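Visitor: my questions concern the predicted model and sequence given below.
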Amino acid sequence: MSEKLLEVKGLHVNYGAIEAIKGIDLYVNKGEVVTILGANGAGKTTTLRTISGLLKSSAGSIIFDGKEITQIPAHEIVSLGMSHSPEGRRVFGTLSVEENLMMGAYSLKKYDATTLDWIYEILPRLHERKKQLAGTLSGGEQQMLAIGRAIMSKPKLLILDEPSLGLAPVLVKVIFKAIKEISKSGVTVLLVEQNAKAALKLANRGYVLELGKITHSGSSEELLNSEMIQEAYLGKKK
Amino acid sequence: MDIFLQQMVNGLTIGSLYALVALGYTMVYGVMRLINFAHGDLVAFSAFIGLSVYAQIFGESVTSLIAVITVFVFTAAIVAFVGVLLERLAYRPLRTAPRLSAVVSALGAGLVIQNSVMLIWGPNMKIFPSNLFPATIWEIGGIVITFTQVMILGLSSVLMVGLYFFIHQTKIGTAIRAVAIDQDAAKLMGINVNRIVMIIFIIGSSLGAVAGLFIGTYYRGVTFDMGWMYGLNAFVAAIMGGIGNIPGAMLGGLLLGLFNAMITGYISTQWAETFTFVLLIAILVFRPTGILGETVAEKV
């Protein structure tokens, strides 16, 4: 069996009195693309934000690259090799594209020129706009920037939260092609998506999250062929 | 015409002081969305610290350039430390609290600093030594410029240009801007937000310390409660330029200084502050984002 890069065990997360995540277990092997599917409010973003340290869990453990990271603050987790591109892109609007990418490499002593060139190669639009302020980019370009920025830290694990949200189909294709390239380069990917079909096509395995609990898991093929998934997430009628 | 040019010089001098103080307000606001109302009192505190440092190290002896530099550096370091302490004790515990709590805490911290100054140095006006800077005066075409004014204009410009380059050209400076835009996203880049906040307080307090010392050397008399008025003026300057905007604070400070000097020169000294606040109201009504505030549209 391959080695586990990320392992989440018995994770619980509370928002005040409300329990948003009710004890989930999941793992991501080195080199895999794993996707988490689920409806709005199922707890996907909460799960990711807890893994990357932005939220504190109330119980459970998160092990990354053999290290317990449950109590480690978000900014330190980045230098361990985890990078999280958040929901809604969250690019720095009044910074230029290039400055945004440089911030992605903040945890490194010096940014890696090869990585930067590679990002410009797989997302050439960013190169064209490198001097432009990120806030003036289109939604799709901002998403490209959010992904590029996340890989500037040369992560082992890239976490992507809804990279296709609100994008035109042609841009969704560009984004998914870039994710595929990133995965091919050896980066492990944990992907949360509304676009279940595209996500499962790309992923090796998937989890289905419903109201804070994992209800299904399996290989992408199993999930694609499962009747329940087809009905609930792929829009097929019985 | 002579009055106009003379008031230009005076206005730019006071304006530089306002700008230095306004930078402290605007940087803290930019990163924490908090008006640090204790900042003005920190400026007053700096003037008194400066006096004590001067008395401790040099007694009443003749001053030299080395002495002046020492006083400035020591004072800035002490005030920066107090600024960092202020953030740790009064603001950090309230980081996630409603903003009103933090503002009340800021007002309280200001009172603590002001009263501490009064208890340590007494309630009476203290006089700055007159020999800190040479008493040289230049007269150019009927306009009088003092050595102190040249020092204020010169050093303030250097500090402001330096700060601008630091914020825009360095990795830490860019990180400061990133934290000001989106703290969570900044954390995901590996930026330690607490460390950035600390740096902000070090820079803001040091600039405030320089302003406090200049207020002492320029006006000579300093009182424990003077921070309130300087703070309020600088706050108006920060709003004028667009709160949270660094070049805005510099511009706002200089414009407010000029405005103040013109009112003083052509109307009356007594009315200067009244007009300052009339100006503030006008800005808030007609251009609430300030002169340079929010010129770039951000897509969500």
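Guide: Sure, I can see it.
Visitor: going forward, measure contacts and count neighbours with C-alpha atoms only.
Guide: Fine.
Visitor: in the chain, which spans are helices?
Guide: Picked chain A for this. A:44-51, A:74-80, A:97-104, A:113-122, A:124-128, A:139-151, A:169-184, A:196-202, A:220-225, A:227-232 (DSSP state H).
Visitor: if you could check chain B rather than the one you did, that'd help
Guide: Under DSSP H, chain B gives helices at B:2-32, B:39-58, B:65-86, B:99-121, B:147-169, B:171-181, B:183-188, B:193-219, B:226-241, B:246-266, B:272-286.
Visitor: buried sites along stretch A:70-86?
Guide: Of all the residues in stretch A:70-86, those buried under the rule 16 or more other C-alpha atoms under 10 Å in any protein chain shown are A:70, A:73-86.
Visitor: residues touching A:Leu80, list them.
Guide: With C-alpha atoms under 8 Å, 6 or more residues apart in numbering or on different chains as the criterion, no residue contacts A:Leu80.
Visitor: try 10 Å
Guide: A:64-65, A:67, A:69, A:107, A:153, A:155-157, B:190 (C-alpha atoms under 10 Å, 6 or more residues apart in numbering or on different chains).
Visitor: sorry, back to before: closest one of the buried residues of stretch A:70-86 to A:Lys44?
Guide: Nearest to A:Lys44 among those: A:Pro86, at 11.5 Å, using C-alpha to C-alpha.
Visitor: where does pLDDT dip in the chain?
Guide: With no chain named, the answer covers chain A. A:1, A:236-238 (pLDDT under 70).
Visitor: not quite, go with chain B.
Guide: Those would be B:60-63, B:294-300, if you go by pLDDT under 70 across chain B.
Visitor: apply 80 and report the result again.
Guide: B:1, B:58-64, B:131, B:293-300 (pLDDT under 80).
Visitor: so how far is B:Gly248 from the one residue in it that gets nearest to chain A?
Guide: Residue nearest to chain A within chain B: B:Gly190 (3.8 Å; C-alpha to the nearest C-alpha). For B:Gly190, the distance to B:Gly248 equals 29 Å [C-alpha to C-alpha, to the nearest Å].
Visitor: please apply the same query to B:Ile281.
Guide: 18 Å.
Visitor: B:Thr274: which of the helices of chain A is closest?
Guide: With C-alpha to C-alpha as the measure, helix A:97-104 is the member of those nearest B:Thr274 (43.1 Å).
Visitor: close to chain A, is stretch B:24-39?
Guide: No: if you take C-alpha under 10 Å from any C-alpha of the partner chain as the test, stretch B:24-39 misses chain A, and the best it gets is 12.7 Å.
Visitor: measure that stretch end to end?
Guide: OK, stretch B:24-39 end separation, C-alpha to C-alpha: 7 Å.
Visitor: hang on, B:Trp121 packs against B:Ile113?
Guide: No: B:Trp121 lies out of contact with B:Ile113 (C-alpha atoms under 10 Å); the separation is 12.0 Å.
Visitor: quickly list what's touching both of those two.
Guide: B:45, B:224.
Visitor: so between the two, which is more surrounded?
Guide: B:Ile113 (23 against 17; other C-alpha atoms under 10 Å in any protein chain shown).
Visitor: so what's the closest residue in space to the more buried one that isn't next to it in sequence up against?
Guide: Counting by C-alpha to C-alpha, 6 or more residues apart in numbering or on different chains, B:Ile113 lies nearest to B:Asp41, which is 6.2 Å off, once chain neighbours are set aside. Contacts of B:Asp41 were listed using C-alpha under 10 Å, 6+ apart, and they are B:107, B:109-115, B:117, B:208, B:212, B:224-231.
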